[in-house]
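*Asks:* got a predicted model here, sequence first, then my questions.
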Amino acid sequence: MKLLVLPGDGIGPEITKAACQVLDAISSKFDLGFKIVRRDIGLEAYRQVRSTLPADVMEEIIETELIILGPTDTYAYPAESEGGIMPSKAIRTALDLYANIRPSRTRKGVPAMASKMDLVLIRENTEGFYADRNMFMGGGEFMPTPEVALSVRKITKKGSQRIAKVAFDFAEKKGKKVTIVHKANVLKLTDGLFLREAYEVGNAYPDVKIEEVIVDAMAALLVRQPESFEVVLTTNMFGDILSDQCAELSGGLGFGPSLNAGDDHAIAQAAHGSAPDIAGQNIANPTALILSAQMLLDWVARRRDDAHLMQAATYMERAIDQVISQPQTQTKDVGGPLGTKAFGEAVAEVIKNMKE
């Protein structure tokens with residue numbers, strides 16, 4: 001089973017290496033036969049071939065089922081016309097990865113602002129105010145004069161329906177409630193359309209409770225009572241902001257996994273950035289990316305109805321939880337002694353010694 005790893009920039013090579021240590025261990029433990037293949041993207045690829053996403057790598061991405069994408073430092077890229085392609089944008093668009101799935105839960109041993117939290121935020125990933133992804137041709141932002149900047153927000157019936165289905169499918173497995181977050185009291189047409197279609201999809205799930213919350217109230221409620229939410233469904237920009245808030249409440253972005261998924265593809269990609277200020281120092285917390293890889297295994301297992309792979313994904317998360325629950329095996333960002341490499345080794349060792 002081929003596993004394509006794209007290390008990216010900054011701390012990317014370090015945390016993807018740690019994730020691969022864990023994946024190697026889970027592959028050996030469950031005889032999964034992972035063949036890990038690494039390909040350069042980002043600034044390293046640009047130094048080699050003057051493109052941050054070489055065409056041959058993009059072709060390989062499209063043909064590969066299991067992909068782990070490290071963080072990228074797009075701020076440091078040259079113009080797209082000069083080869084500075086944004087990998088996340090290009091991959092998301094090419095594979096139509098319309099669902100960004102971000103779980104946040106408190107975990108034993110991890111310092112968190114929330115005392116109890118276990119939710120998954122389902123964020124629409126292809127529309128909204130995001131100018132790099134909401135137009136077939138051209139950008140969603142433009143300046144008719146030097147003094148005026150405009151942004152177009154795109155919400156479609158199809159986009160709203162398909163992300164709502166992802167959320168309600170999750171709710172059938174996790175809890176029995178979907179919270180739709182919106183601003184339809186002000187954005188009456190765009191959020192009004194999103195809200196209407198979400199309810200329409202939800203009507204096909206009679207066992208799932210539906211509630212709706214205005215986005216500013218949601219920001220407050222996540223601080224006050226995060227334990228009351230299970231599956232949160234929202235649009236692109238609101239989801240981007242709220243998911244970071246959820247990650248911080250549950251322990252920080254270093255523990256924030258993320259999966260970008262479509263109908264036929266999914267990519268493991270941590271919610272945090274490339275952190276160039278600590279790159280190469282062996283202090284980055286790789287937990288978020290390792291958990292993202294675990295989510296990818298689970299996603300593929302469910303698509304294939306592969307109980308063996310699903311069991312492997314379950315054991316992988318158990319091993320992570322076991323390691324981060326102990327002060328002596330935590331990373332330095334939460335007061336532990338371990339660097340990036342040692343943390344990956346610790347999780348891999350736990351996997352090797354776990355009993356099936």
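*Replies:* Cool, got the structure. Residues are numbered from 1 along each chain as shown.
*Asks:* center of the chain - which residue?
*Replies:* Centroid-nearest residue in the chain: Ser258, 1.7 Å away (criterion: CA atoms, centre = their mean).
*Asks:* let me know the pLDDT of it.
*Replies:* On pLDDT, Ser258 comes in at 96.
*Asks:* wait, what's in contact with the residue nearest to it when sequence neighbours are not counted?
*Replies:* If the residues on either side of it in the chain are set aside, Ser258 comes closest to Ala271, at 4.4 Å by CB to CB, 6 or more residues apart in numbering. From N, CA and C alone the C-beta is placed, and that goes for glycine too. Contact analysis of Ala271 by CB atoms under 8 Å, 6 or more residues apart in numbering lists Arg102, Ser243, Asp244, Ala247, Leu253, Gly256, Pro257, Ser258, Ala288.
*Asks:* relative to Gly256, how far out is Ala271?
*Replies:* Distance of Ala271 to Gly256, given as CB to CB, to the nearest Å: 4 Å.
*Asks:* ok, the residue nearest to Gln269 when sequence neighbours are not counted - how many residues close by?
*Replies:* Nearest non-adjacent residue to Gln269, counting by CB to CB, 6+ apart: Leu69, 4.4 Å away. A total of 26 residues lie near Leu69 under the criterion other CB atoms under 10 Å.
*Asks:* who are the contact partners of Leu69?
*Replies:* Contact analysis of Leu69 by CB under 8 Å, 6+ apart lists Leu6, Gly8, Pro87, Ser88, Ile91, Ile267, Ala268, Gln269.
*Asks:* quick one: which helix or strand includes the fourth one?
*Replies:* Assigned by DSSP states H and E, Ser88 belongs to helix 87-95.
*Asks:* quick one: buried residues of that helix?
*Replies:* Judged by neighbour count using 16 or more other CB atoms under 10 Å, the buried positions of helix 87-95 are Pro87, Ser88, Lys89, Ala90, Ile91, Arg92, Leu95.
*Asks:* who does that helix touch, helix- and strand-wise?
*Replies:* The helices and strands touching helix 87-95, judged by 3 or more CB pairs under 8 Å, 6 or more residues apart in numbering; DSSP states H and E, are helix 55-63, strand 66-69, strand 259-261.
*Asks:* flag every buried residue along stretch 340-350.
*Replies:* In terms of neighbour count (16+ other CB under 10 Å), stretch 340-350 has its buried residues at Thr340, Phe343, Gly344, Glu345, Ala346, Val347, Ala348, Glu349, Val350.
*Asks:* how about stretch 315-334?
*Replies:* Of all the residues in stretch 315-334, those buried under the rule 16+ other CB under 10 Å are 315-317, 319-324, 329-334.
*Asks:* check these and tell me the two furthest apart.
*Replies:* Across the buried residues of stretch 315-334, no pair lies farther apart than Tyr315 and Lys332, at 26.1 Å, counting by CB to CB.
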